[in-house]
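Peer 1: with the input below, show me the fold.
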Amino acid sequence: EHPAVKRYVAVDINGAFLKYLSPWLHRVSKPGFSYELLTGTIGDLHEHSFDAAVLMSVVHHIPDRVSLFSELGTRLRRPGHILAIDPTHYLLRLHRLLRKISERGYLSHHFAEARAGKLSTHAMCQLAEYRAVTRRTGFRLARVVYADHPSKVRRLAARGVPLGPLWRWTSQEIAVECVQD
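Peer 2: Numbering: from 1, shown residues only. Below is the predicted model:
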């Protein structure tokens, strides 16, 4: 709905998500706005130039992130922007994952899925990796924001308590803005 957005193209391998998104985009009523929904990957896009790419909970599912950012770099008009928002997999997320893994049958089910060729690509995505990927692909980190902290941590920060790395380690989401050099 931002006034600057004239054309919106959504690409996802999950067609169900695009069906969910369609009515929301259909309700956007502003002059000259158009959208396209494509089930597939960025390589399936017909258009070749965009001003920005927004990756919502995407990067941690992509095993070859250098290829993803390189492909985006060829499709973005300079100075192209990427906004990536993903889970951080720091303390709280690791705690939840360990609880999930310890549930009866969880590991045996996932091992069976892997043997059947149904591999998960749900890998961690942390700031150090974004730094490495952007360095290798002609982007630079313009801004990093950690979000979704427990209420106790937010209250400490609001009181001015210096949290240092605890702020990052207790976040559950990271938002990274990358700009082409």
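Peer 1: could you find the closest non-adjacent residue to residue 21?
Peer 2: Using C-beta to C-beta, 6 or more residues apart in numbering and skipping residues adjacent in sequence, the residue nearest residue 21 is residue 10, 5.8 Å away. Heads up, the C-betas are built off the backbone N, CA and C, glycines and all.
Peer 1: so in terms of bridging, what pairs with the one you found?
Peer 2: Counting by DSSP bridges, residue 10 forms beta bridges with residue 37.
Peer 1: tell me the contacts of it?
Peer 2: Contact partners of residue 10, counting by C-beta atoms under 8 Å, 6 or more residues apart in numbering, are 18, 21, 25, 35-38.
Peer 1: buried among the residues you listed? Make that a ChimeraX selection.
Peer 2: To isolate the buried subset of the contacts of residue 10 in ChimeraX, counting by 16 or more other C-beta atoms under 10 Å, use the following:
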select :18,25,37,38
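Peer 1: greatest separation within the contacts of residue 10: which pair is it?
Peer 2: Largest separation among these by C-beta to C-beta: 25 and 38, giving 12.7 Å.
Peer 1: report the contact partners of residue 5.
Peer 2: Listed by C-beta under 8 Å, 6+ apart, the contact set of residue 5 reads residue 33.
Peer 1: what's the spacing between it and residue 28?
Peer 2: Applying C-beta to C-beta, to the nearest Å, the value for residue 5 to residue 28 is 9 Å.
Peer 1: one step back: redo the contacts of residue 10 as JSON lines? Include pLDDT.
Peer 2: Formatted as JSON lines, the contacts of residue 10 follow (pLDDT from 0 to 100):
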{"residue": "18", "pLDDT": "92"}
{"residue": "21", "pLDDT": "91"}
{"residue": "25", "pLDDT": "91"}
{"residue": "35", "pLDDT": "90"}
{"residue": "36", "pLDDT": "90"}
{"residue": "37", "pLDDT": "92"}
{"residue": "38", "pLDDT": "91"}
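Peer 1: report how many residues lie close to residue 88.
Peer 2: Using other C-beta atoms under 10 Å, residue 88 has 23 other residues around it.
Peer 1: is it in contact with residue 171, as I believe?
Peer 2: Yes - between residue 88 and residue 171 there is a contact under C-beta atoms under 8 Å: 5.0 Å.
Peer 1: give the residues shared as contacts by the two.
Peer 2: In contact with both residue 88 and residue 171: residue 146, using C-beta under 8 Å, 6+ apart.
Peer 1: can you give me the neighbour number for residue 65?
Peer 2: Residue 65 is flanked by 22 other residues according to other C-beta under 10 Å.
Peer 1: my guess is it contacts residue 131. True?
Peer 2: No - under the criterion of C-beta under 8 Å, residue 65 is not in contact with residue 131, lying 11.7 Å apart.
Peer 1: quick one: strands adjacent to the lengthiest strand in the chain?
Peer 2: Secondary structure of the chain per DSSP state E: the longest strand is strand 76-87. Using DSSP bridges, strand 76-87 pairs in its sheet with strand 50-56 (parallel), strand 173-180 (antiparallel).
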